[in-house]
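> Provided below for reference: sequence and predicted model.
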Amino acid sequence: MSELPPDLPRLRTLETWLRLQLAAVRSRIQHLEQAERDRPAPIRPPRPDWLLETERLGGRDGRPVRVHVGGCGQARGRAISRAQAADALGQGVEACFGCRPDTELGILG
């Protein structure tokens, strides 16, 4: 059984109402899309040049585990300076096998 009115005049009225609703929805969509385009892109902080990965010990950092070049996809850790990266590698902290920070720093291991 249909929930639509059985007679033509009421169906025409319903059709008009639906067209008005559809126009209102489309107008709102256009407004929101324009607002999205006008919104400035979020500013991301600059990527660090070097990262020091540490052991995770119950939510706090443990001993240094690995040094990464800042753009390494495997990098997790805190930002460090070039000198700190070279110092960590010199103290025996492992260099990431993917991004090879030792090669980037000119340190041969």
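Looks like it arrived, so ask away. Model, not experiment: these values are computed from the prediction. Numbering: from 1, shown residues only.
> Which parts of this protein are strands?
50-57, 60-69, 78-80, 94-95 (DSSP state E).
> for the second one, what is the average pLDDT?
The predicted model gives strand 60-69 an average pLDDT of 86.
> Pull the distance from it to the chain's centre.
Chain-centre distance of strand 60-69: 23 Å, with Cα atoms, centre = their mean, to the nearest Å.
> Quick check, pLDDT for the residue nearest the centre of the chain.
With distances taken as Cα atoms, centre = their mean, the residue of the chain nearest its centroid is Arg44 (9.7 Å). For Arg44, the model assigns a pLDDT of 87.
> that older thread, nearest to Arg39, of the strands of the chain?
strand 78-80 (28.4 Å; Cβ to Cβ). C-beta here means a position set from N, CA and C on the backbone, and glycine is covered the same way.
> Point out where the chain drops to low pLDDT.
Counting by pLDDT under 70, the chain contains low-confidence ranges at 1, 58-61, 108-109.
> how close does the residue nearest to the centre of the chain get to Leu57?
In this view, Arg44 and Leu57 are 29 Å apart by Cβ to Cβ, to the nearest Å.
> in stretch 36-55, what's buried?
48, 50-54 (16 or more other Cβ atoms under 10 Å).
> can you list the residues that contact it?
61-72, 75-82, 84-85, 88, 93, 96, 101 (Cβ atoms under 8 Å, 6 or more residues apart in numbering).
> Buried only: go through those for me.
Counted by 16+ other Cβ under 10 Å, the contacts of stretch 36-55 give 64-70, 72, 75, 77, 80, 85, 88, 93, 96, 101 as buried.
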